[in-house]
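**Q** Structure for the following, please:
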Amino acid sequence: MADRPPALSTRILAVLPFALPVLGGVLGVAWVNATAHGSPVLGIAAGAVAGWILAAVVSRVLGGDQDTGLRRTKDAETERD
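**A** Here you go, the predicted structure:
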């Protein structure tokens, strides 16, 4: 039998750490282009870091830190066995 696809909330939590830093970088590019004296390096880097922090906070709030596959806990190991 085929496995069921993951729930939509699981998919969203999986995409957030990648999508929000990219969106932050794009917003940094827009900010640099909109201001006359903006530094491209600082604008893009600050936007990407802000997106990364926002992704971490949103993932934490929505409960994405239980079992992300990034760290193995004893409960997760026994659950997989």
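**Q** remind me which residues of this structure are low pLDDT?
**A** Along the chain, the parts satisfying pLDDT under 70 run over 1-2, 64-81.
**Q** Quick test: name the residue nearest the centre of it.
**A** With distances taken as C-alpha atoms, centre = their mean, residue 17 lies nearest the centre of the chain, 1.4 Å away.
**Q** which SSE is it in?
**A** Assigning secondary structure by DSSP states H and E places residue 17 in helix 8-34.
**Q** now for the very next helix or strand once past that helix, which elements pack on it?
**A** Counting by DSSP H and E, the next helix or strand C-terminal to helix 8-34 is helix 40-62. Judged by 3 or more C-beta pairs under 8 Å, 6 or more residues apart in numbering; DSSP states H and E, helix 40-62 is in contact with helix 8-34. Where C-beta positions appear, they are placed from N, C-alpha and C, glycine not excepted.
**Q** tell me the angle the helix it packs on makes with helix 40-62.
**A** Relative orientation of helix 8-34 and helix 40-62, computed by axes from the mean of the first three to the mean of the last three C-alpha atoms, to 10 degrees: 160 degrees.
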